[in-house]
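>>> using only what follows, build the 3D model:
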Amino acid sequence: MKYLRILISLVIGCSLLSAAGTVITDSFLSQALDATRYMKVYLPEGYDTSTAYYPVIYFLHGGNSNHNSYSNIYYHIDTLIENGHIEPVIMVKPDASVGPYYGSCYTNSALYGNYEDYIVYDLIEYIETTYRAIPSRDSRTIMGHSMGGSGALKLAFNHPDIYCAVADHSGLVDYSAMLQIYIPLIHAENGGTAPYTYNPNAGVFTGVAFTLCGAFSPDTTDPPLYVDFILDSQGDIDSTIYGLWRLHDTPYLAHQLTPDTIAIYMDCGMSDEYHCYPIHTALVDTFDLLGLSYEWHPYSGNHSSQLNARFPIAIAFLDSVVCTGVEESPKVEPVRSEYIGATIIRGPLNLPADKNYRVFDITGRTIAPEVMQPGIYFLEIEGEVAGKIVKVR
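Model prediction:
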């Protein structure tokens, strides 16, 4: 694997080079959010003078950040490309900032808006119809830091038909393990004794909990906080609310993955001040139990101190997975989220002999039914999309 061959050189560091891609600010109207959203788009050197199509890395920012954050990552992409460690690539950093708390958690929420649909459907459709981005699952990857790290895992695990690889830097990736650590810290921030009245401004750990509640247990009928909080007045977990959280938790989503469906990279500082390191070790145990393959790299440092060293390693990992080198515009038909419902098949797909039909994947590529691999497909009969098919083993 190319990633493994260059890992040591990336840890040592990259030399300063003059070659540079272009970073532009772009925006579009997201149907999922019914609002204009901004993004930074990195285009590799030579993009304007070539006809090549490029793989895309979608980078998700952390809490209290936006698309302007993490600007140091462009230097690392430039250097990796110039040194021949990765192929030229487009990077997209969308803005997913929203109030009243730290951010959207990249989740469809009645309080924040449909941020998962915005990233997974609207953004990809815009990028692949505006830029020369390879419109294929095998050339789409996603990564992020902190809230963006856990968001990247969530979106990748929810949509393995759309992304082929994911990289997580210091995300909050296991809510059960997180709550075991956070509950006494939240108690301390809110007076230390029951009964508790929780204040989102009491401290960072309470603020994180309110942010997650805004994503997973919003209550727009209950001002001024507009959430159902994860802890009750006695300081114990509300089991009903935790049931809502669990549907978005990385271990829960991982149970739905087929082994080797998606390439996974994770790293975290062992002195992470938000306690992401023990949370990651709990997730690693889950992956081991499930038989999922992954790259896990703990390191000496805190939540953000080593990102300049870690970004090149993660990007090289993603590059080692993607398919590259498309020189002509692929013939594709975009697939939208409104194709709901699915037929699950475990054997061959039986189709009517007297009808004109076509089976195609998420990128619009026609697939012969007899060679369908496990995954998500769409069935077109007599020119109309008739439904979604999930092929399982």
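>>> other residues contacting stretch 294-301?
Contacts to stretch 294-301, defined as C-beta atoms under 8 Å, 6 or more residues apart in numbering, come from residues 264-271, 277, 280, 284, 287, 306, 309-310, 313, 317. Every residue, glycine included, has its C-beta placed from N, CA and C.
>>> tell me the buried residues within the residues you listed.
264-269, 277, 280, 284, 287, 306, 309-310, 313, 317 (16 or more other C-beta atoms under 10 Å).
>>> which of those sit farthest apart?
The span of those, defined through C-beta to C-beta, is set by F287 and A309 at 23.5 Å.
>>> next step: the contacts of stretch 294-301 restricted to strands.
Using DSSP state E, the members of these that fall within strands are 264-269.
>>> now these as JSON lines including pLDDT and distance to W296?
Conversion of the ones in strands among the contacts of stretch 294-301 to JSON lines gives the following (pLDDT from 0 to 100; distance: C-beta to C-beta, whole Å):
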{"residue": "I264", "pLDDT": "95", "distance to W296": "9"}
{"residue": "Y265", "pLDDT": "95", "distance to W296": "8"}
{"residue": "M266", "pLDDT": "96", "distance to W296": "5"}
{"residue": "D267", "pLDDT": "95", "distance to W296": "7"}
{"residue": "C268", "pLDDT": "95", "distance to W296": "9"}
{"residue": "G269", "pLDDT": "94", "distance to W296": "13"}
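>>> which one among those residues gets closest to I77?
The closest of the ones in strands among the contacts of stretch 294-301, once distances to I77 are taken by C-beta to C-beta, is Y265, at 16.0 Å.
>>> ok, the closest one - contacts?
Contact analysis of Y265 by C-beta under 8 Å, 6+ apart lists 143, 165-168, 294-295, 297, 314, 317-318.
>>> now the most centrally placed residue in the chain. Its backbone dihedrals?
The centre of the chain sits closest to A152, judged by C-alpha atoms, centre = their mean, with a distance of 2.0 Å. Backbone torsions of A152, given as degrees, to the nearest 10, read phi -60, psi -40.
>>> surely it touches L172?
No: the criterion here is C-beta atoms under 8 Å, and A152 misses it with L172 at 12.0 Å.
>>> the contacts of Y265 in strands, which ones?
Judged by DSSP E, the contacts of Y265 include 143, 165-168, 295, 297 as members of strands.
>>> farthest-separated two in those?
Based on C-beta to C-beta, the longest span within these runs between A165 and H297 and measures 15.0 Å.
>>> can you pull out the low-pLDDT segments for the stretch 1-150 of the chain?
Applying pLDDT under 70 to the stretch 1-150 of the chain flags residues 1-19.
>>> cool, the stretch 201-350 of the chain as well?
323-347.
>>> if we go to 80?
Where the stretch 201-350 of the chain drops to pLDDT under 80, the residues are 323-350.
>>> quick revisit: which one of A165 and H297 has more residues nearby?
Each of A165 and H297 has its neighbours counted (other C-beta atoms under 10 Å); A165 has more, 23 against 15.
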